[in-house]
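Q: Mind looking at a prediction? Sequence and model below.
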Amino acid sequence: MEIPFTKMHGLGNNYIYIDLFKFTIAEEQLSGLAKSVSDVYTGIGSDGVILIQPSDAADVGMRIFNKDGSEGQSCGNGLRCVAKYAYENGIIQREKFQIETRANTVKAEVNVEAGLVQEVTINMGEPILRRQAIPMMGEDAPQVVAEPFTVGDEKLDVTAVSMGNPHAVFFVNSIDTTPLYELGPVIEKDQRFPDGVNVEFIEVISPRELNFQVWERGSGVTQACGTGACASVVAAVLNGSVQRNEDITVHLAGGDLIIKWDDKGSVWMTGGADVIATGTYFLADNI
Ligand SMILES: N[C@@H](CCC[C@H](N)C(=O)O)C(=O)O
């Protein structure tokens, strides 16, 4: 099967985007496609697949599949890329519009110069903090903030935040010495998070700046995670490290995002989105 694609990235978090306004693919092929196309040796190489599709609830819809074929509920970097694609390909003709994800419908605003989207701001909606809604095992509570969390010999404190998808945020003295590749996969599948979890290690470097590292559920280490950056700023506010209603710069491996948790409850994310390539992917018949 020949599948037209656009490869895009938001701060290095790269996905294969498939435009379902122009192309159809069977539901049962989606998970296999994500695994196949993400393989760096026998596919294109990516963190997963994002579908750009018609929506009844919003101007455009998106679905995200991780590298391992699992489906996520939302993707911050993907939302900025979908916004850029939708505007530059004439799916939407306005600079402000709505995008539906499996988690919620968000508001996007594109910053355009000479017809090209330079930057995108997304109102990601309100974080979900209630323990059972993250979801996280244990007695239900309105928030999980700096709760002791032992993994093997490591004694950590977890703050759990859902941005539609679950995040376990750990504050550390330095992200340079965090055993990300050892702890990430173990915490991702820890039974305390029944749906799995995205894992973030955060170093507070000033009241306006965070250093960020991520192990993503279903994709492993990536260069950036937009929902993770949002969750980390929310966690930093809950831990008293940064202020609400202020722009916080999050330094990710692939670049910076500006995140704000406003007084009304919404989390805002601003950052770039870039096109890498377009082409045709040849999906094997047995997928
Ligand atoms: N990279 C994304 C998040 C993608 C989904 C995530 N791995 C999950 O399974 O929840 C982002 O930029 O937010």
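A: Looks like it arrived, so ask away. Numbering: from 1, shown residues only.
Q: Going by C-alpha atoms from here, please, whenever you check contacts or count neighbours.
A: Noted.
Q: Please identify the residues of the protein in proximity to the ligand?
A: For the chain, the residues in contact with the ligand (Cα under 6 Å from any ligand atom) are 66, 72, 74-78, 165, 216-219, 225-228.
Q: From those, which land in strands?
A: 66, 72, 216 (DSSP state E).
Q: Now restrict those to buried residues only.
A: With burial judged by 16 or more other Cα atoms under 10 Å, the buried subset of these is 66, 72, 216.
Q: if we take those residues, which one ends up nearest to Ile175?
A: Looking at these and their distance to Ile175, the nearest is Glu216, at 15.9 Å (Cα to Cα).
Q: Ignoring the adjacent residues along the chain, who's closest to that closest one?
A: Residue nearest to Glu216 in three dimensions, not counting chain neighbours: Asn198, with 4.6 Å by Cα to Cα, 6 or more residues apart in numbering.
Q: I'd guessed that neighbour sits against Lys189; true?
A: No: under the criterion of Cα atoms under 8 Å, Asn198 is not in contact with Lys189, lying 9.4 Å apart.
Q: So for these two, which residue has more residues nearby?
A: More neighbours sit around Asn198 than around the other of Asn198 and Lys189, counting by other Cα atoms under 10 Å; the figures are 29 against 16.
Q: What residues are bridge-paired with that one?
A: His167 (DSSP bridges).
Q: quick one: the strands in the stretch 151-287 of the chain?
A: For the stretch 151-287 of the chain, the strands defined by DSSP state E, counting those that start in this stretch occupy 154-162, 166-171, 198-206, 209-216, 220-221, 248-252, 255-261, 267-271, 274-282.
Q: Direction included, what does the fifth one pair against?
A: In other words, strand 220-221. Strand 220-221 has these partner strands in its sheet, going by DSSP bridges: strand 209-216 (antiparallel).
Q: what angle separates the partner strand from strand 255-261?
A: Angle of strand 209-216 versus strand 255-261, following axes from the mean of the first three to the mean of the last three Cα atoms, to 10 degrees, is 100 degrees.
Q: what's strand 209-216 in contact with?
A: Contacts made with strand 209-216 from outside it, assessed by Cα atoms under 8 Å, 6 or more residues apart in numbering, are listed as 175, 180-181, 184-185, 188, 197-205, 220-225, 228-229, 248-253.
Q: from those residues, which would you call buried?
A: Burial by neighbour count, 16+ other Cα under 10 Å: within the contacts of strand 209-216 this picks out 175, 180, 184-185, 188, 197-204, 220-225, 228-229, 248-253.
Q: closest to Asp19 among the ones in strands among the residues of the chain next to the ligand?
A: Set against Asp19, the nearest of those by Cα to Cα is Asn66 (17.1 Å).
Q: what sits against the closest residue to that closest one other than its chain neighbours?
A: Leaving aside its sequence neighbours, Asn66 sits nearest to Gly48 (Cα to Cα, 6+ apart; 4.4 Å). Taking Cα under 8 Å, 6+ apart as the criterion, Gly48 is in contact with 14-16, 34-35, 37-38, 64-69, 219.
Q: repeat for Glu100
A: Shown here is Glu100, whose contacts under the criterion Cα under 8 Å, 6+ apart are 55, 57-62, 106.
Q: mind running it again at 7 Å?
A: For Glu100, the residues meeting the contact criterion (Cα atoms under 7 Å, 6 or more residues apart in numbering) are 55, 57-58, 60-62, 106.
Q: if we can go back for a sec, got the strands of the stretch 151-287 of the chain as CSV, with mean pLDDT columns?
A: Written out in CSV, the entries for the strands of the stretch 151-287 of the chain read as follows (pLDDT from 0 to 100):
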stretch, mean pLDDT
strand 154-162, 97
strand 166-171, 98
strand 198-206, 98
strand 209-216, 98
strand 220-221, 98
strand 248-252, 98
strand 255-261, 98
strand 267-271, 98
strand 274-282, 98
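Q: and Val117, bridged to which residues?
A: Val112.
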